[in-house]
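# Here is a sequence together with a model predicted from it:
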Amino acid sequence: MEKSKILDFARKGFLKDLLFNNFDSVKEIWYLLKQLNISIIPNTVMVISHDNYYSETINKSEAQKRALRKKFMGIMEKAISAVNGYYVEIDEQRYAAVFELNYFEEEEKLQAFKIAEKIKNDIEKDAGVFVSIGIGTRYSNLDSLHLSFKEALEALNCKFYLGQSQVIHFADIYPQKDEIGVFSIEIESNLSVKILSCDKEGTFNLIDELLNSIKRNKIYNPVSIKSRVIEILSLILKLALESGVDKEKISGLSRKYFEGVLKSDNIVELENQVKEYIENIINEIFNIRKRINLQAFEKALEYIRNNYKKNITLEEVSNYVHLSPYYFSHEFKNFTGMNFIDYLTKIRIEKAIHLLSTTDMSVKEVGKSVGYQDPNYFGRVFKKEVGISPKNFKESKKIPGGQIFFRGNEI
């Protein structure tokens, strides 16, 4: 490794320790500043963020990500060096830069803004990406530089509400709350009901209501918001598993979106991650329900065909397939295109037509054999469905065109 690369590596390690307050004495800091040929006495920290890094690289390989970061850091280093600063990588998306700002107190903030704006504009122009910068307060003591770093991070957090391409000074931000009171148990409960009902629109309305409150207030710490959202997504994951969604499939999906929430650059990106996750969960639950319904309603139709002669009821059939009468009634119509009574009537009249056409049974006997104990009632139902009375039908012994139609439904 070249000597210059070793020196650069050592500088970055030193700066990282300085920012994280890992030194025991100021004397040690002064000694290393000299040994590492650092030409400034740092007193101000800025944290630079590659905006929307996660969403822009989510489908890229690790090699592509490394190449992107390398290009970004090369451009950033040039911009920071131009204003006599040094930088160190904090994570994939954020970088800390240190400067020596020696202005009068009333000019400090203005000059810091000018430097940050220049760095931001240079990077955005050359890298073709958006950048946000948080600025900490100037501290005269080297062993207090970590406080400026902490402030710069807090300032940068505010872009969560403001959006991309921001320069934010710590002096301009408001204290943020860690407790998220708007995420109530009632909202969780309502969310559970909507999701289990596969009510996508209703679920999204609840999410909008919840996040719009956060957007209006802008007082909650983004880290706390993300943590609370992860709790809610975990609840949704539990609902999905209890609904029978495949464990492996849903676990992989959850990991992807949980990471997406934690790395969301702003509240709009977080909202998109949450809604995409919920939409996927609802689709999975719906598909499970669809498969279960197919089996349940096929079983229900078979039960009706085998028991149409008896005085069967909707409640009896719904109990047989272990569904609530309300849900069974609603889904039965979706499944067959008609309500329970109409379907039962259709089956009975089909059988009556067959018996009247192929046997010598009387109208009364046919009525009883298909579930109608009252001959007069059977006659009225038959005429309503077929268009003529069972007596006239039997006498004709003919089915016009070879087919019979019931309210537009061929049998």
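That came through fine.

# Sketch out the strands for the stretch 101-250 of the chain, chain order is fine.
131-135, 167-169 (DSSP state E, counting those that start in this stretch).

# most tightly surrounded among those?
strand 131-135 (a mean of 27; mean count of other C-beta atoms under 10 Å). Using the backbone N, CA and C atoms, a C-beta is placed for each residue, glycine as well.

# same for that strand, what does it pack against?
strand 44-50, helix 105-127, helix 145-157, strand 167-169 (3 or more C-beta pairs under 8 Å, 6 or more residues apart in numbering; DSSP states H and E).

# Just put the strands of the stretch 101-250 of the chain in CSV and tack on mean pLDDT and distance to Arg289.
Compiled in CSV, those are given as follows (pLDDT from 0 to 100; distance: least, C-beta to C-beta, whole Å):
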stretch, mean pLDDT, distance to Arg289
strand 131-135, 98, 43
strand 167-169, 97, 47
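
# What's the local residue count around the residue lying closest to Asn221 once chain neighbours are set aside?
Leaving aside its chain neighbours, Asn221 sits nearest to Gln176 (4.3 Å; criterion: C-beta to C-beta, 6 or more residues apart in numbering). Using other C-beta atoms under 10 Å, Gln176 has 18 other residues around it.

# Now stretch 389-407: average pLDDT?
Averaging pLDDT along stretch 389-407 gives 66.

# Could you shift the numbering so residue one becomes 24, and keep it that way?
Done: numbering now begins at 24, and the last item shifts to stretch 412-430.

# picking that back up, least reliable of the helices and strands packed on strand 154-158 going by mean pLDDT?
Minimum mean pLDDT among the helices and strands packed on strand 154-158: helix 128-150, a mean of 93.

# what's in contact with that helix?
67, 69, 71, 94-95, 98-99, 101-103, 105-106, 108, 120, 122, 124, 126, 152-156, 158, 161, 188, 190, 192, 194 (C-beta atoms under 8 Å, 6 or more residues apart in numbering).

# how about the strands of the stretch 124-273 of the chain in JSON lines, adding distance to Val386?
Converted to JSON lines, the strands of the stretch 124-273 of the chain look like this (distance: least, C-beta to C-beta, whole Å):
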{"stretch": "strand 154-158", "distance to Val386": "84"}
{"stretch": "strand 190-192", "distance to Val386": "87"}
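
# Of those strands, which is nearest Tyr331?
strand 154-158 (69.7 Å; C-beta to C-beta).

# Give me the sheet partners of the closest one and which way each runs.
If you go by DSSP bridges, strand 154-158 pairs up with strand 67-73 (antiparallel), strand 190-192 (parallel).

# filter the contacts of helix 128-150 to the buried ones?
67, 69, 71, 95, 98-99, 102-103, 108, 120, 122, 124, 152-156, 158, 161, 190, 192 (16 or more other C-beta atoms under 10 Å).

# hmm, back to that, my read: the residue nearest to Asn244 touches Tyr184, true?
No - counting by C-beta atoms under 8 Å, Gln199 does not reach Tyr184; the two are 9.9 Å apart.

# how much space between Tyr343 and Asp397?
26 Å (C-beta to C-beta, to the nearest Å).

# wait, Asp365
19 Å.

# Those two: which has the busier surroundings?
Asp365 (16 against 12).

# Mind giving me the packing neighbours of whichever strand or helix holds the more buried one?
Asp365 belongs to helix 363-381 when assigned by DSSP states H and E. Contacts defined by 3+ C-beta pairs under 8 Å, 6+ apart place helix 363-381 against helix 290-330, helix 337-343, helix 348-359, helix 386-392, helix 398-409, helix 413-419.

# Run through who's touching the last one.
Translated: helix 413-419. By C-beta under 8 Å, 6+ apart, helix 413-419 touches Ala375, Ile376, Leu379, Val386, Val389, Gly390, Phe401, Gly402, Phe405, Lys406, Val409, Ile411.

# Okay, now the unreliable bits of this protein?
Applying pLDDT under 70 to the chain picks out residues 24, 128, 203-209, 420-434.

# if we go to 50?
Applying pLDDT under 50 to the chain flags residues 422, 424-434.

# what residue lies at the spatial centre of it?
By C-alpha atoms, centre = their mean, the mean C-alpha position of the chain lies nearest to Val297, the distance being 2.2 Å.

# wait, it sits on Val252?
Yes - with contacts counted by C-beta under 8 Å, Val297 reaches Val252, the gap being 6.3 Å.
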